[in-house]
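J.: here is a sequence with its predicted model. Questions after.
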Amino acid sequence: MFDPVFIVSLLVLGVVSGVLAGLLGIGGGMLLVPFLTFLMVSQGVPVEHVVHSSIATSLAIIMFTSISSMRAHHKAGAVRWDIVKFLTPGILIGGFIGSKVVSYLPTKELAFVFGAFVIFSAYQMYADKKPKPSRTLPGKAGLAAVGGVIGAASAIVGAGGGFLSVPFMVWSNINLRNAVATSAALGFPIAVFSSAAYVINGQHLQGMPAGSLGYVYLPAVACVAAMSVLFAPYGAKLAHTLPVKKIKRIFALLLAFIAMSMIYKAVTGF
């Protein structure tokens, strides 16, 4: 029997992550993983698997959120499909490698890795450094290599890739709104391939609660995805009307706080 507080918490998390996915093109994973980690311990997910399960569950949620966000951005004509086409092959290969690597990391070390990535992401968002006017995207091979890095990192930390792809595209002088929209489209192949790998790699697990499919905790996917899919289009709409740079700075501070909280939990024990 699920705790009503647990269900309500997941639904609220879905609303917030959906809006942020559409607004910032981040897939919501940076927010989902730490909160899922705290919530799923209470549902009987073993401590030694809770961070892995949170990452896998986050990626499964992003499958649905990214479709909703991508459609909204595509209707606005903001997705750079030429970039998506050349980044995706590297993303798929990197996602497979990252999901294999993370299965060998203990929970505490994985929490530290996640925290470090989130703090880096927060810094990138807050700094908002201006690229050189002459800088452009690399060629096809370069984009494939960048895609590999994004895919591997996303699989390791359970994010849609926006924490790397958005700064990379802005660094390459892609308009911020186009970068956010394109990142939303990239979240889908990242999430599909990486979450499938977590299901396969988690078939051997013992002691996972009912409703688990490998590392993926399906009840959390259902609750969060139901709300994130509904609210991602609102975030995408806001991305074309609100001062996104200011919002990114506020969100960067939130990310840093979340990352430090998760690292603290890893040190003191979940």
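T.: Received the coordinates, thanks. Keep in mind that what you see is a predicted model, and the values were worked out from it rather than measured.

J.: show me what the helix or strand hosting G22 is packed against.
T.: For G22, the host element (DSSP states H and E) is helix 4-24. Helices and strands touching helix 4-24, by 3 or more C-beta pairs under 8 Å, 6 or more residues apart in numbering; DSSP states H and E, are helix 29-40, helix 47-75, helix 176-201, helix 218-239, helix 244-268. Quick note: C-beta positions are derived from backbone N, CA and C, even for glycine.

J.: please convert those helices to a markdown table, extending it with mean pLDDT, mean neighbour count and distance to I93.
T.: Listed next are the helices and strands packed on helix 4-24 as a markdown table, based on pLDDT from 0 to 100; neighbours: other C-beta atoms under 10 Å; distance: least, C-beta to C-beta, whole Å:
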| stretch | mean pLDDT | mean neighbour count | distance to I93 |
| --- | --- | --- | --- |
| helix 29-40 | 82 | 26 | 19 |
| helix 47-75 | 87 | 26 | 16 |
| helix 176-201 | 86 | 25 | 9 |
| helix 218-239 | 88 | 22 | 25 |
| helix 244-268 | 72 | 16 | 27 |
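
J.: got JSON lines for these, with distance to Q124 too?
T.: Output for these, formatted as JSON lines (distance: least, C-beta to C-beta, whole Å):
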{"stretch": "helix 29-40", "distance to Q124": "11"}
{"stretch": "helix 47-75", "distance to Q124": "19"}
{"stretch": "helix 176-201", "distance to Q124": "12"}
{"stretch": "helix 218-239", "distance to Q124": "18"}
{"stretch": "helix 244-268", "distance to Q124": "8"}
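
J.: thought V41 was touching E48?
T.: No: assessed by C-beta atoms under 8 Å, V41 is found out of contact with E48, at 11.2 Å.

J.: and of the helices and strands packed on helix 4-24, who's closest to L105?
T.: Comparison of the helices and strands packed on helix 4-24 against L105 by C-beta to C-beta identifies helix 47-75 as nearest, at 8.0 Å.

J.: same for that closest one, what does it pack against?
T.: In terms of contacts (3+ C-beta pairs under 8 Å, 6+ apart), helix 47-75 is packed against helix 4-24, helix 29-40, helix 107-127, helix 140-157, helix 176-201, strand 216-217, helix 218-239.

J.: what about P133, which SS state?
T.: Assigned with DSSP: H, G, I helix; E, B strand; the rest coil, P133 falls in the coil class.

J.: number the residues from 35 up from this point.
T.: With 35 as the first residue, the last one maps to P167.

J.: residue contacts, the closest residue to it other than its chain neighbours?
T.: Distances taken as C-beta to C-beta, 6 or more residues apart in numbering put N207 closest to P167, at 7.0 Å, once the chain neighbours are dropped. Shown in contact with N207 (C-beta atoms under 8 Å, 6 or more residues apart in numbering): P165, P167, R169, T170.

J.: residue contacts, the last one?
T.: Same thing as T170. Counting by C-beta under 8 Å, 6+ apart, T170 has contacts S206, N207.

J.: any idea how far it is from G182?
T.: Separation of T170 from G182 (C-beta to C-beta, to the nearest Å) stands at 20 Å.

J.: got it, and the third one?
T.: In this structure, R169 and G182 are separated by 21 Å, where distance is defined by C-beta to C-beta.

J.: compare these two (neighbour count), which wins?
T.: Neighbours were counted for R169 and for G182 using other C-beta atoms under 10 Å; G182 has more, 20 against 10.

J.: wait, isn't that one in contact with T122?
T.: No: at 10.7 Å, G182 does not count as touching T122 under the criterion of C-beta under 8 Å.

J.: quick check: chain neighbours aside, which residue is closest to E82?
T.: Once flanking residues are discounted, E82 sits nearest to T141: 5.4 Å by C-beta to C-beta, 6+ apart.

J.: gap between that neighbour and M294?
T.: For T141, the distance to M294 - C-beta to C-beta - is 17 Å.

J.: now A254
T.: For A254, the distance to M294 equals 23 Å [C-beta to C-beta].

J.: could you pull up the residues touching H83?
T.: T141, L239, G241, M242, Y249.

J.: again, 7 Å this time
T.: Applying C-beta atoms under 7 Å, 6 or more residues apart in numbering to H83 gives the contacts L239, M242, Y249.

J.: could I get those as a markdown table with pLDDT?
T.: Shown next, in a markdown table, are the contacts of H83 (pLDDT from 0 to 100):
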| residue | pLDDT |
| --- | --- |
| L239 | 83 |
| M242 | 87 |
| Y249 | 91 |
